[in-house]
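Trainee: here is my input; please provide its structure:
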Amino acid sequence: MEVITIESKAFAALVEKIDGIAAYVEASRQREPDGQQGQEEKNSRTTGKWMTGSEVCEYLEISPRTLQRYRTNRIIAFSICGKKIRYRRTDVEQFRERWMRETPDKQIDRMIEQHPLHERKYKLYGKKRGNTGKDE
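Mentor: Have a look, this model is predicted:
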């Protein structure tokens, strides 16, 4: 064990600085409402520079195997950090803009949802059905 000796004035100054740091940390914790810190951390993860494989699969609506094939064929850029594979968010967005197209089914569904008659309450597009004048 190593023993370090310092003057009492230096020790008092050091303790005073540590107390000041502790007070600053405590004050900053009290300024943030509860739960905001966790939400902030979550937002920084989703808006960060890098994406995980599962995030890319969800964003591009592809399977992990398809993403692996894109990596193997060098269609999408990626980086390996230790044992983790990461994708730059800008590269993934550029890939989606350049290569991904809507399937006709999705285009038709989107067009139906955007059509003004889609939200109509009774969806009667012609004459209202009613009495035809014949007695029953």
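Trainee: wait, Ser79 touches Gly53, no?
Mentor: No. Using CB atoms under 8 Å, Ser79 is not in contact with Gly53, being 11.9 Å away. Backbone N, C-alpha and C define where each C-beta goes, glycine included.
Trainee: give me the common contacts of the two.
Mentor: Here Ser79 and Gly53 have Ile85, Tyr87 as joint contacts, going by CB atoms under 8 Å, 6 or more residues apart in numbering.
Trainee: compare those two (neighbour count), which wins?
Mentor: Gly53 (16 against 11; other CB atoms under 10 Å).
Trainee: need the contact list for that one.
Mentor: Counting by CB under 8 Å, 6+ apart, Gly53 touches Pro64, Leu67, Ile85, Tyr87.
Trainee: now swap in Tyr59 and tell me
Mentor: By CB under 8 Å, 6+ apart, the residues touching Tyr59 are Met51, Val92, Arg96.
Trainee: same deal with Thr52?
Mentor: So Thr52 contacts Lys84, Ile85, Arg86, Tyr87 (CB under 8 Å, 6+ apart).
Trainee: quick check, pLDDT for it.
Mentor: For Thr52, the pLDDT comes out at 93.
Trainee: phi, psi for it please.
Mentor: Dihedral pair for Thr52: phi -80, psi 170, per degrees, to the nearest 10.
Trainee: circling back to that earlier point, top of the contacts of Thr52 by neighbour count?
Mentor: Top of the contacts of Thr52 by neighbour count (other CB under 10 Å): Tyr87, with 23 neighbours.
Trainee: lowest-pLDDT helix or strand in the protein?
Mentor: Using mean pLDDT, DSSP states H and E, the weakest-scoring helix or strand in the chain turns out to be helix 36-46, at a mean of 51.
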